[in-house]
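Engineer: here is my input, please return the structure:
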Amino acid sequence: MLGVLTSDPSLLRCQTARLDTAVPFLEEEALGLGTFDDADVLLTRRPARVGPRRLSSLTAAVQSPALLAVGRSGPVEPEEAFPPLRYRSWLFAVDGETEPLARVRERLEETLPAFLARSLRTVTVTERIFFHFLEQLFERRQLEDPRLDADSAAQGLVRCLRAIDAIRAEAGDSRPFPVALLATNGRVLVGVRRGGFLAYHLDEGSGACARCGFEDGSDDPRTPAHRRARCVAIANLPTAEGFVEVPDGSVIAVERSLGIRLASL
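Structural biologist: As a prediction, this is how the structure comes out:
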């Protein structure tokens, strides 16, 4: 599970090239990729062992301010259930043990606003977690707010977990379920770690780009843009150095300006 927010959508492919080895997606995994094109959200889904897995290849022709990519092993899920999930301008992914929520799945659905309940497309618990996050934004008139800040979106994730915990407590189960969440609307990137794992990385830009074929110190006219371009990546299984662990029981909020803030749940 990987989320990226960039300062330069035209250089997303170059930044994902630097993340290919840090957050690899395996050939035997099915892969879902969500990106943004103006006001639209684009989803690409690939079955296991079909097509490329390197994000630099998948984003070669993509200009997007953000992406959310998810790899999954095991049985292939129906396309509408495969992450990242989408609703309007939001993309969402979950990593964790969602089985404890199965017994309250119907209650999770019943407590949603009617318009959100009607929009459910699957029977999965994951989609109901997502829609409870959307409910938290809707109640504060933030669901379609283009000025929504990252801190407010992150607090929506926190309230979502608390609402789900309350529903489970009513059913007699008060144990917190381990989970990591990521969400983006193309303008902010937010996540929660509670018993799962998340880490983040700030890429400050570089005068060298293997993707474009020039080295540091080159007089290539594209060098200044590459030096200025920055991005933040959040992943649940990074394999390279340079990622900073998000403390357990914390939220991470990344603004459009790429400011990063951490806070306790």
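Engineer: going forward, measure contacts between C-alpha atoms and count neighbours the same way
Structural biologist: Will do.
Engineer: in stretch 32-47, what's buried?
Structural biologist: Residues of stretch 32-47 classed as buried by neighbour count (16 or more other C-alpha atoms under 10 Å): 32, 33, 34, 35, 36, 41, 43, 45, 46, 47.
Engineer: from residue 45, how far off is the first one?
Structural biologist: This means residue 32. 4 Å (C-alpha to C-alpha, to the nearest Å).
Engineer: most widely separated two among the buried residues of stretch 32-47?
Structural biologist: 36 and 47 (21.4 Å; C-alpha to C-alpha).
Engineer: wait, what's in contact with residue 56?
Structural biologist: Residues near residue 56 by C-alpha atoms under 8 Å, 6 or more residues apart in numbering: 13, 14, 15, 16, 17, 20.
Engineer: phi, psi of the nearest residue to the second one once chain neighbours are set aside?
Structural biologist: Setting aside the residues directly before and after it, residue 14 is nearest to residue 211 in space (C-alpha to C-alpha, 6 or more residues apart in numbering), at 5.8 Å. Phi and psi for residue 211, reported as degrees, to the nearest 10, are phi -60, psi -40.
Engineer: before we move on, the earlier item: shared neighbours, residue 32 and residue 45?
Structural biologist: Counting by C-alpha under 8 Å, 6+ apart, the residues touching both residue 32 and residue 45 are residue 82.
Engineer: the residue nearest to residue 14: neighbour count?
Structural biologist: 15 (other C-alpha atoms under 10 Å).
Engineer: for it, give its distance to residue 11.
Structural biologist: Residue 211 is 10 Å from residue 11, by C-alpha to C-alpha.
Engineer: okay, and the common contacts of these two?
Structural biologist: Counting by C-alpha under 8 Å, 6+ apart, nothing touches both residue 211 and residue 11.
Engineer: how about the helices in the stretch 101-250 of the chain?
Structural biologist: 105-110, 114-119, 125-139, 150-170, 223-228 (DSSP state H, counting those that start in this stretch).
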